[in-house]
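Participant: show me how the following folds:
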Amino acid sequence: MDIYKTILTQFKNIMGVRPVGFVKHLAKILAGTYTTLDNLIQWVALQIYPTTASDSETTILGERVNPLEQWATVAGLVRKQATQTLISVNVTNSSTREYKMPAGTRFIYSATGNTYASQQEYVFSAGQALEVELLCDSPGTAGNMDDDQILEVAEANAYVFPEAQVVETLILAEDVEDTEALRSRVLSSLRNRGIPGGYADYSTWATEVEGVIAAFPYRGPNPGEVKVYVRDRDGIPSSNQLTEVEERINLPSRRPVGAVVSISPVTEARFSFTVKGLNPDTEQVRQAIETSLTNYLYEAEPYVTGFNFPTLRKDRISPAAISGEVNTAVVALGATLNKVDSYKDIFFLEEPYSLQEGEIAKLAQVSYVR
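Facilitator: Take a look at the predicted model:
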């Protein structure tokens, strides 16, 4: 509206035209055109930088483009797509005869309506129970299930397999990579770009694999040897993930000539804790303590010289820091405690422990003593 008034004023002061009828209409058109062009220029300016690039599609010269995904392409990255849940369920043949469950037999979880299909044929003898692998038909985290949840058969043979009970999740599904996660990877890739085959490159290539959240590259003992330790979101990656990481790194356009790369899973340093004098000792307070310990250990990672910043080391597991984390969680719920003892394996931890090459921290157990 200010632009509109300014244009009317200019018509009056410079051209001596009174702001009536046609002049007002023309002023609105000019003001709208100016505002549209100004907004367009500002939007274009934001796309110049990956920190502010839009993550929505727009049409430019007849082509549909997503500015942030274009930046990902420049950085040599691809947006991670949604994956499908794979679960193992316990199924019992309730009939008195042998029965073949064909591949593609579907079960449904009534609470969400998600369906899950068997991936191969299973042969059941009368009354036999077998573990069956089911793949969710729909990608995304909505298909993830907890152990012991019940599915019902969605086929006509319900009298044979009335239900299936979830035993474990084999593959935990993920949603399409969200805006800030993709932006973070793009920025990390661009900031760490240097000579191909540097520490950051091996980490970037490895984390392209679904479920891999970190990789720790080390110079091997022999010339040209590179050791890469791979970390999954749950800690130890699967053999399939390790194979895929190796394939990504060994692409001809990536691995430097003469480099010998070995891929290994991270190892886990297991820590236990004894909480003394907790008051009140309730399930809620215990859950808060265990969550704080899990988060503290999860954030720890080995230090790689030349890859990590010396001032941002996260490889030390400190008993003092652990006591502080636990005390903060306890005080937030109005509780108190006397002491937290820390152990690595079965050994009492007096001094901070530094994670070794390719080693991550894992919570083993928490015990409580009055």
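Participant: got the phi/psi numbers for Gly104?
Facilitator: phi 90, psi 0 (degrees, to the nearest 10).
Participant: correction: Ser203
Facilitator: Main-chain dihedrals, Ser203, degrees, to the nearest 10: phi -70, psi -40.
Participant: so where's the stretch 1-150 of the chain shaky on pLDDT?
Facilitator: Filtered on pLDDT under 70, the stretch 1-150 of the chain yields the residue ranges 1, 7-8, 10-12, 15-20, 22-23, 25, 27.
Participant: where along it do the strands fall?
Facilitator: 58-60, 63-65, 86-92, 99-101, 106-109, 114-118, 122-124, 129-136, 150-153 (DSSP state E, counting those that start in this stretch).
Participant: in terms of contact, does Ser264 touch Val230 like I think?
Facilitator: Yes - using Cβ atoms under 8 Å, Ser264 is in contact with Val230, at 7.1 Å. Placement of C-beta: from N, CA and C, glycine included.
Participant: neighbour-wise, which of the two wins?
Facilitator: Val230 (27 against 14; other Cβ atoms under 10 Å).
Participant: wait, is the more buried one part of a strand?
Facilitator: Yes - when classified by DSSP: H, G, I helix; E, B strand; the rest coil, Val230 is found to be part of a strand.
Participant: in the helix or strand containing Ser264, which residues are buried?
Facilitator: Per DSSP states H and E: Ser264 is located in strand 260-265. The neighbour-count check on strand 260-265 (16 or more other Cβ atoms under 10 Å) flags Val261, Ile263, Pro265 as buried.
Participant: could you do stretch 254-261 as well?
Facilitator: For stretch 254-261, burial by neighbour count (16+ other Cβ under 10 Å) applies to Arg254, Arg255, Ala259, Val261.
Participant: before we move on, what about stretch 123-138?
Facilitator: So, applying 16+ other Cβ under 10 Å, buried residues of stretch 123-138: Phe124, Val132, Glu133, Leu134, Leu135, Cys136.
Participant: residue contacts, the second one?
Facilitator: For Val132, the contacting residues are Ser88, Val89, Asn90, Val91, Met101, Ser118, Tyr122, Ala164, taking Cβ atoms under 8 Å, 6 or more residues apart in numbering as the criterion.
Participant: could you give me the ChimeraX syntax to select whichever of those residues are buried?
Facilitator: ChimeraX command restricting the contacts of Val132 to the buried ones, with burial defined by 16+ other Cβ under 10 Å:
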select :89,91,101,118,122,164
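Participant: where do the domain boundaries of the chain fall?
Facilitator: Here the domain parsing of the chain from automatic domain parsing is 2-74, 86-171, 192-265, 267-369.
Participant: Asp178 is nearest to which of these?
Facilitator: Among these, the nearest to Asp178 by Cβ to Cβ is domain 2-74 (8.6 Å).
Participant: need the overlap of contacts for Ser264 and Val230.
Facilitator: Residues touching both Ser264 and Val230 by Cβ under 8 Å, 6+ apart: Leu242.
Participant: which parts of stretch 33-48 are buried?
Facilitator: Using 16+ other Cβ under 10 Å as the test for burial, stretch 33-48 gives Gln47.
Participant: which parts of the stretch 151-300 of the chain are strands?
Facilitator: With strands called from DSSP E, counting those that start in this stretch, the stretch 151-300 of the chain shows them at 163-171, 212-219, 225-232, 260-265, 267-276.
Participant: for Glu69, find the nearest of those.
Facilitator: Closest approach to Glu69 among the strands of the stretch 151-300 of the chain is made by strand 212-219 (20.3 Å; Cβ to Cβ).
Participant: show me the longest helix that occurs in this structure.
Facilitator: For the chain, the longest helix by residue count, based on DSSP state H, is helix 21-47.
Participant: what's that one packed up against?
Facilitator: In this structure, helix 21-47 packs against helix 2-15, with contacts taken as 3 or more Cβ pairs under 8 Å, 6 or more residues apart in numbering; DSSP states H and E.
Participant: how does it look with 10 Å?
Facilitator: Helix 21-47 makes packing contacts with helix 2-15, helix 67-74 when contacts are defined by 3 or more Cβ pairs under 10 Å, 6 or more residues apart in numbering; DSSP states H and E.
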